[in-house]
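Colleague: take a look and give me a structure for this.
(2 chains)
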Amino acid sequence: RKEVEQDPGPFNVPEGATVAFNCTYSNSASQSFFWYRQDCRKEPKLLMSVYSSGNEDGRFTAQLNRASQYISLLIRDSKLSDSATYLCAVPLTDSWGKFQFGAGTQVVVTP
Amino acid sequence: DAGVIQSPRHEVTEMGQEVTLRCKPISGHDYLFWYRQTMMRGLELLIYFNNNVPIDDSGMPEDRFSAKMPNASFSTLKIQPSEPRDSAVYFCASNLLGGAPDNEQFFGPGTRLTVL
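Modeller: Sure thing, here's the model as predicted:
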């Protein structure tokens, strides 16, 4: 099993709809998690950090389920500009500063 | 503030040639990471440095790959000799941990390498 796994998608979402997707992780000792957004041919950029049960920033909500070892990202009222690949990142507990990135979930918001 | 700077942004070379990628981290950051991204394998960590010292190079695919960080503001990733399977986007990232176990990593714009 990979340390961090994501559904690659694509998730095709009508504009204005809600979309949610998960990221599962294998290390139960992980304490913090990150969602990065990557636009086509661009670098990943931090979208949200998750340190406890969840985090909300405008239309974006990240939730953590420690029992089932996954984090989710929910996007409400999807905009065309939300089309991107969303990467989850989990710091490795045995390597200071080292992250394991998931392969990413592609979201395509359509008019 | 300037972000992570990488050069060149694009590199096209022929198999067997030496390739050198460059990175300038954000000033004051104490960790620097080199990643490779391909469609097949996603984002892979190649090597990372803490205060200019290599900490973990287990992701470096072969001896053809080497990385240095001679000072806090500069790092290089060298491939010699290059092969077509090295074609990928190479990202440099940096962050400031300052004693914390984790913190946001800031990525540079990447170098898109094509080896013919």
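Colleague: quick one: residue B:85 is in a strand?
Modeller: No: counting by DSSP: H, G, I helix; E, B strand; the rest coil, residue B:85 is not part of a strand but helix.
Colleague: need the contact list for it.
Modeller: residue B:115 (C-beta atoms under 8 Å, 6 or more residues apart in numbering or on different chains). In this view, the C-beta of every residue, glycine as well, is placed from N, C-alpha and C.
Colleague: dig out what the nearest residue to residue B:56 once chain neighbours are set aside forms beta bridges with.
Modeller: The shortest distance from residue B:56 to any non-neighbouring residue, by C-beta to C-beta, 6 or more residues apart in numbering or on different chains, is to residue B:48 (5.8 Å). When bridges are called by DSSP bridges, residue B:48 pairs up with residue B:33, residue B:56.
Colleague: contact partners for residue B:48?
Modeller: A:97-98, B:31-34, B:54-56.
Colleague: thought residue B:115 was touching residue B:80?
Modeller: No: using C-beta atoms under 8 Å, residue B:115 makes no contact with residue B:80, being 11.7 Å away.
Colleague: okay, those two: which has more neighbours?
Modeller: Higher neighbour count among residue B:115 and residue B:80: residue B:115, with 20 against 13, using other C-beta atoms under 10 Å in any protein chain shown.
Colleague: show the pLDDT at the residue nearest to residue B:56.
Modeller: Note for residue B:48: predicted pLDDT of 94.
Colleague: which residues are common contacts for residue B:115 and residue B:80?
Modeller: residue B:19.
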